[in-house]
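Visitor: Sequence first, predicted coordinates after that:
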Amino acid sequence: MKLSDQLSLSFTNLMLHKIRSILTSLGIIFGVGSVIAMLSISEGAKREALAQIESMGVDNIILSAKKPPPMGKDVSDTSSNSNYETYGLTEIDRQHILHMDNVASIATARNSRKPILKGTTRLNVNLFGVTNDFLEATRSVIVQGRWLSPADQDRNVCVLGVNARRGLFPIQERHVVGKVIGVGDDAYRIVGIMENTKGTTIQGIGSPNDAIFIPKAASDAIYGKTSFQRVSGRTSIEVVEYDCFVVRVLDVSYIDFTSKRIAAFLEKKHNSLQDWEMVVPLDILKQREQTQNIFTIVMSSIAGISLLVGGIGIMNIMLANVYERRKEIGTRRALGAQKGDIIRQFLFETIFLTSIGGSIGVCLGLLIAGVVTKYANWPVAFSIWFILLALFISAVIGIVFGTYPAWKAAQQNPIDVLRAE
Amino acid sequence: MAAREQEALFLGDIRKTYHTPSFDVPVLKGVNFSVWKGEFIGIMGSSGSGKSTLLNILGLLDKPTSGVYRLDGTSVETLSDFELTRIRNVKIGFVFQSFNLFPHLSVRENIEVPMVYAGASKSLRRKVSAEMAEKVRLAHRLDHRPTQLSGGECQRVAVARALVNNPTFILADEPTGNLDEKTGNEIMTLFHDLHKAGTTIVMVTHNPQYEPEYDRVIYLRNGRKWRIVDNVNHTEEEFDTRETQ
């Protein structure tokens, strides 16, 4: 018997009982649907996490200044309402780290700790003195005007993050480049607007979109290395040389080693004082991936069980089907159908059943994923591979659970069934 | 009628014993006869005479316990299931009492089934099925379903189906059993027409009414050949069927 005849025979038989076929493959439909939905949702979550972490740069090590926990003396000293503290990353740290192997460059930022006001309202915006490579290090782009240039080093110019621009100027005001903003006693001319579209947040800085950037040299000249801050009635004087280093490494494969070396150096240099923090985006990435993988395994197991149940359901129906069609099988055998022809006929029927069920399941899964995106606002991601995988699994289920009923059909003795009236 | 020169099939001392755990049931106790090409043979016998078992053996659906079965010059007792199925497909045309048509297939598709299993191309199938339908006078019904046909028409479809692979012989199992007398006679006429055209036919029946219509009638009793009525040479033989062993 020709394969094309075989396939069309199996398909025709399925189409004879459309409702039964659909009902039979319900298990597969829901099983595959849940697989697709699960894969889409977990892939979406994964991609979002990835994008977020990648936006910090997988080849970066981010170091930030952290106000150390108060020491014993400071806590008991309530008589004085002011204190003076030096902490954070220093120029010496920078130079040492820069000379380490595998370190390509260090972009730095220092917070001026000056309140940014609009009228009398304090905005949630900080002013940073940054090196010229800071824009690139934070994966941000210029949307208007230009970034700081080496020629700007001692000029009073600034670049606004998009959110800072929205805070300072009404949205209707289109041309803010060239305007001047005042911060404390100083005035800065805006040369550009920058935006970080990846939602990066950097330890010690926050989102670059919320910041105003001025050249490092200008910041040094105007504010020096000291910043004053009033915190709940106490005036604290904080001396922080650098709030943030974005260390870029030459070779990502050695980032683990480099980060450990930097940590060991800072530990020693800062006398074990916890006034700095380190974030290695790649590490977070790996951790996230691990968690994600566990989630995927658990979800796959559940989906796998539902597919198994679906497969058993199909086997059941196919066995009943074989019994019901004994006479047809016997007649076919008498008329010249080989055992192989009968096996293929029933096996193809099952495979068609599971594949069609699988296809419907794919549509259902995409629908569920779509609904989830729309109403739960979870990110979902589709891949052609999920669909191919789901269809492949469906076909495999068809083969696995169709073989026994098909074999059973071929074992029917034509005499018995032809005589049984 | 036909010159008895070419052997279509030969049965030599065919025995069939069914084994049950407690005792053996001998159903066929040594059946011998030949069928010549072009012959119209009737096999008759009452229930329990062994004719169904003989039919299954003739149709290669069952194997004899012992004996020789030669079909078109080939000994079939040692062949595998695959080879037997192949022979069933191309050398035997089955006609069943209850037609055994596939209700969801059209008349044309029903006729084509044995050709499909023989691996014939679609165009050849179309051509042959049309010819066969013509032969059984159902050309105008080709696209109907069996459920839209009368019993006689159904049996004619089954006859057409039996003919498509140009078999060595047609094996008909009570082909008129499910039909009223008039329709049964029509089917018998159809078989006669085929016979005149040279087709070898072996018909198993218990209906003695048609006895004069066959070239030879082989009567079975008790698992043995009992009587042979030869309507061509007008002779009659009787055999001893008493238990001798």
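Guide: That came through fine.

Visitor: Give me the neighbour count for A:Y223.
Guide: Using other CB atoms under 10 Å in any protein chain shown, the number of residues around A:Y223 comes to 21. C-beta coordinates here come from the backbone N, C-alpha and C atoms, glycine included.

Visitor: Setting aside sequence neighbours, what's the nearest residue to it?
Guide: Leaving aside its chain neighbours, A:Y223 sits nearest to A:S112 (5.0 Å; criterion: CB to CB, 6 or more residues apart in numbering or on different chains).

Visitor: Tell me the confidence at the one you found?
Guide: Predicted confidence (pLDDT) at A:S112: the value is 83.

Visitor: for A:G199, helix, strand, or coil?
Guide: coil (DSSP: H, G, I helix; E, B strand; the rest coil).

Visitor: can you tell me how far it sits from A:I387?
Guide: 29 Å (CB to CB, to the nearest Å).

Visitor: can you pull the buried residues of stretch B:136-152?
Guide: For stretch B:136-152, the neighbour count (16 or more other CB atoms under 10 Å in any protein chain shown) marks B:136, B:138, B:141-142, B:145-146, B:149, B:151-152 as buried.

Visitor: doesn't A:S219 make contact with the residue nearest to A:Y223?
Guide: Yes - with contact defined as CB atoms under 8 Å, A:S112 counts as touching A:S219 (6.4 Å).

Visitor: so what sits against both of these two?
Guide: Taking CB atoms under 8 Å, 6 or more residues apart in numbering or on different chains as the contact rule, A:S112 and A:S219 both touch A:128-129.

Visitor: For the stretch 301-421 of chain A, give the residue positioned nearest to chain B.
Guide: When scored by CB to the nearest CB, the stretch 301-421 of chain A has A:G336 as its residue closest to chain B, at 2.5 Å.

Visitor: Quick check, pLDDT for that residue.
Guide: What the model reports as pLDDT for A:G336 is 92.

Visitor: Identify the residues contacting residue 92.
Guide: Looking at chain A here, since you left the chain open. Here A:I92 is in contact with A:K269 (CB under 8 Å, 6+ apart).

Visitor: that's the wrong chain, I meant chain B
Guide: Per CB under 8 Å, 6+ apart, neighbours of B:I92: B:58-60, B:71, B:167-171.

Visitor: go on, B:L179?
Guide: If a contact means CB under 8 Å, 6+ apart, then B:L179 has B:151-152, B:155, B:187 as its contacts.

Visitor: Tell me which of those residues fall in strands.
Guide: Residues of the contacts of B:L179 located in strands (DSSP state E): none.

Visitor: from those, which is closest to B:A130?
Guide: B:Q155 (19.1 Å; CB to CB).

Visitor: ok, now how distant is the closest one from B:T53?
Guide: Taking CB to CB, one finds B:Q155 at 24 Å from B:T53.

Visitor: quick one: which of those two has more around it?
Guide: B:Q155 (29 against 20).

Visitor: can you pull the pLDDT of the closest residue to that one other than its chain neighbours?
Guide: Closest residue in space to B:Q155, ignoring its immediate chain neighbours: B:I187 at 5.3 Å, by CB to CB, 6+ apart. On the pLDDT scale, B:I187 is placed at 92.

Visitor: Surely B:I187 touches B:G152?
Guide: Yes - applying CB under 8 Å as the test, B:I187 and B:G152 come out as touching, 6.4 Å apart.

Visitor: how far away is whichever residue of the stretch 151-300 of chain A sits closest to chain B from A:V280?
Guide: Nearest to chain B in the stretch 151-300 of chain A, going by CB to the nearest CB, is A:S300, at a distance of 40.0 Å. Computed as CB to CB, the A:S300 to A:V280 distance reads 29 Å.

Visitor: Looking at those two, which one has more neighbours?
Guide: A:V280 (22 against 16).

Visitor: Show the contacting residues for that one.
Guide: Counting by CB under 8 Å, 6+ apart, A:V280 has contacts A:61-62, A:255-256, A:259.

Visitor: For residue 115, grab the count of nearby residues.
Guide: Let's take chain A. 15.

Visitor: I was after chain B.
Guide: Counted with other CB under 10 Å, B:M115 comes out at 26.

Visitor: isn't it right next to B:L163, touching?
Guide: No - contact between B:M115 and B:L163 fails when scored by CB under 8 Å: they sit 10.7 Å apart.

Visitor: check which helix or strand covers the residue of chain B found nearest chain A.
Guide: Across chain B, the shortest distance to chain A (CB to the nearest CB) belongs to B:N89, at 2.5 Å. If you go by DSSP states H and E, B:N89 is part of helix B:81-91.

Visitor: Starting from whatever helix or strand comes next after that helix, tell me which strands it pairs with and how they run.
Guide: Following helix B:81-91 in sequence order, the next helix or strand is strand B:92-95 (DSSP H and E). Strand pairing for strand B:92-95, using DSSP bridges, gives strand B:169-173 (parallel).

Visitor: Show the average pLDDT along the strand it pairs with.
Guide: 93.

Visitor: Then stretch A:305-316?
Guide: In the prediction, stretch A:305-316 has an average pLDDT of 89.

Visitor: What lies in contact with that stretch?
Guide: With CB under 8 Å, 6+ apart, stretch A:305-316 has contacts from A:24-32, A:34-35, A:350, A:353-354, A:357, A:393, A:397-398, A:400-402, A:404-405.

Visitor: what is the orientation angle of the longest helix seen in chain B with strand B:169-173?
Guide: Counting by DSSP state H, the longest helix found in chain B is helix B:181-196. Here helix B:181-196 runs at an angle of 160 degrees relative to strand B:169-173 (axes from the mean of the first three to the mean of the last three CA atoms, to 10 degrees).

Visitor: Could I get the contacting residues of the closest residue to B:A120 other than its chain neighbours?
Guide: Counting by CB to CB, 6+ apart, B:A120 lies nearest to B:V128, which is 7.5 Å off, once chain neighbours are set aside. Residues in contact with B:V128 (CB under 8 Å, 6+ apart) are B:112, B:115, B:120, B:164.

Visitor: Tell me what the residue nearest the centre of chain B is bridged to.
Guide: Nearest to the centroid of the C-alpha atoms of chain B, with distances taken as CA atoms, centre = their mean, sits B:L171, at 0.9 Å. Judged by DSSP bridges, the bridge partners of B:L171 are B:F94, B:V202.

Visitor: so who does it touch?
Guide: B:L171 neighbours (CB under 8 Å, 6+ apart): B:55, B:58-59, B:92-95, B:202, B:204.

Visitor: which among these gets closest to A:L16?
Guide: For the contacts of B:L171, the nearest to A:L16 is B:F94 (23.5 Å; CB to CB).
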